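In: what shape does this take:
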Amino acid sequence: MPRTLADTLRPFVSVTTQARGDAYSRQGRVAIVHANPASVSARVKGSTLYEVSLDIEDGWLVPSCDCPYFDSALGPCKHLWALAVTADRQRIVVVPPDLELDVSGAVGDWRSYDASPTP
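Out: Residues are numbered from 1 along each chain as shown. Next up is the predicted model:
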C-alpha cells in the first residue's frame with residue numbers, strides 16, 4: 001500500500017530515472033506552481049522548462065508531463081519523479097493508502113513495465 005506519491009510511481013520508474021529525478025529535486029529544479037491535498041503541479045527545469053503534474057482522481061494517480069520522454073516512453077519520466085519526491089518531502093498531497101497509478105493514457109503498457117534493477 002503506497003503512502004507517498006513516489007511509492008505509487010516506483011514500480012514504473014527505472015532506477016536510473018529515479019536517480020536523475022532525485023538529483024533534479026536536490027538541485028532545486030522543481031518549482032511548485034499549484035498545490036492542494038489532491039494535486040500538485042510544477043515547472044521542472046531540464047533542458048527546458050517542463051510542465052508537470054500529479055493529480056489524484058477517484059483513487060488513481062494521474063501523471064502528466066510535456067517532455068518528449070513522457071509522450072513516447074513506457075514509464076514515467078525523471079520530471080515526474082522529481083515532482084513526486086519534492087511534493088512528498090513537503091507533504092503537499094494527502095495520499096490515500098490504496099492509491100494506484102492510472103496507466104490508461106499511457107502510450108505503452110506501463111502495467112507490464114518492470115523497473116526493478118537487472119541482476
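In: what about the longest strand in the protein?
Out: Looking across the chain with DSSP state E, the single longest strand is strand 49-57.
In: ranges for the strands of this structure?
Out: 30-36, 39-45, 49-57, 60-65, 100-101.
In: what's near enough to touch residue 63?
Out: Residue 63 sits next to 9, 53, 54, 70, 76, 80, 101, 102 when contact means CB atoms under 8 Å, 6 or more residues apart in numbering. The way it works is simple: take the backbone N, C-alpha and C, and place the C-beta from them, glycine included.
In: gap between the fourth one and residue 4?
Out: Spelled out, it's residue 70. With distances taken as CB to CB, to the nearest Å, residue 70 is found 20 Å from residue 4.
In: the two: which has the busier surroundings?
Out: Shown here are residue 70 and residue 4; by other CB atoms under 10 Å, residue 70 has more neighbours (20 against 17).
In: quick check: closest non-adjacent residue to the more buried one.
Out: residue 77 (4.5 Å; CB to CB, 6 or more residues apart in numbering).
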